[in-house]
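Participant: Model the structure of this input:
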Amino acid sequence: MEIDRRLQKQMLALVAVLDPEDGQPPPRHSSRSENKNHADARLCAEVFRVLTLVLEDPETGLPGGAQLLDVTPAPDAARLRVRVVLPGGADALTWLHQRRGHLRAEVAGAIRRKRAPDLVFAPGAPEGEP
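Facilitator: The predicted structure is shown next:
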């Protein structure tokens with residue numbers, strides 16, 4: 001994009017040398033998407049913390065030695081994927097699906113959002129395995 005001749009003359013009166021970038025709009029930064037990713041990561045960490053505390057309770061804990069692996073947006077913060085390590089089989093996953101409403105209510109009480117995210121449970125491999 002070339003600089004208009006009148007604008008170029010006005011700019012030359014103000015500065016000694018014109019740079020090729022003079023007269024161009026400033027570059028756009030992706031700070032909005034970076035902030036969104038940062039906010040999603042904070043939300044996932046908070047949900048992981050809350051679910052870990054709720055599921056470590058001996059009375060209501062996960063059956064069969066299952067444990068939480070991670071929480072990620074799926075596809076965004078309105079729905080979160082909770083991966084669970086299942087050493088004993090799919091019993092823990094069925095147990096989690098049955099109590100999804102209760103767990104979502106616990107998450108809603110701990111975070112500051114207008115709507116609590118939907119929780120989707122998925123099996124995951126332990127960190128040492130592929």
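Participant: who does residue 119 bridge with?
Facilitator: residue 80 (DSSP bridges).
Participant: what sits against the closest residue to residue 78 other than its chain neighbours?
Facilitator: Take residue 78 and drop its neighbours on the chain: the residue closest to it by C-beta to C-beta, 6 or more residues apart in numbering is residue 117, 5.8 Å away. Placement of C-beta: from N, CA and C, glycine included. By C-beta atoms under 8 Å, 6 or more residues apart in numbering, residue 117 lies in contact with 43, 47, 77-80, 104, 107.
Participant: same question, residue 96
Facilitator: Taking C-beta under 8 Å, 6+ apart, one finds 62, 82, 84, 103, 121 in contact with residue 96.
Participant: repeat for residue 110
Facilitator: Residue 110 neighbours (C-beta under 8 Å, 6+ apart): 46, 50.
Participant: and what of the one 3 residues further on?
Facilitator: Taking C-beta under 8 Å, 6+ apart as the contact definition, residue 113 lies against residue 43.
Participant: Phi and psi next, for it.
Facilitator: The phi/psi pair for residue 113 (degrees, to the nearest 10) reads phi -140, psi 150.
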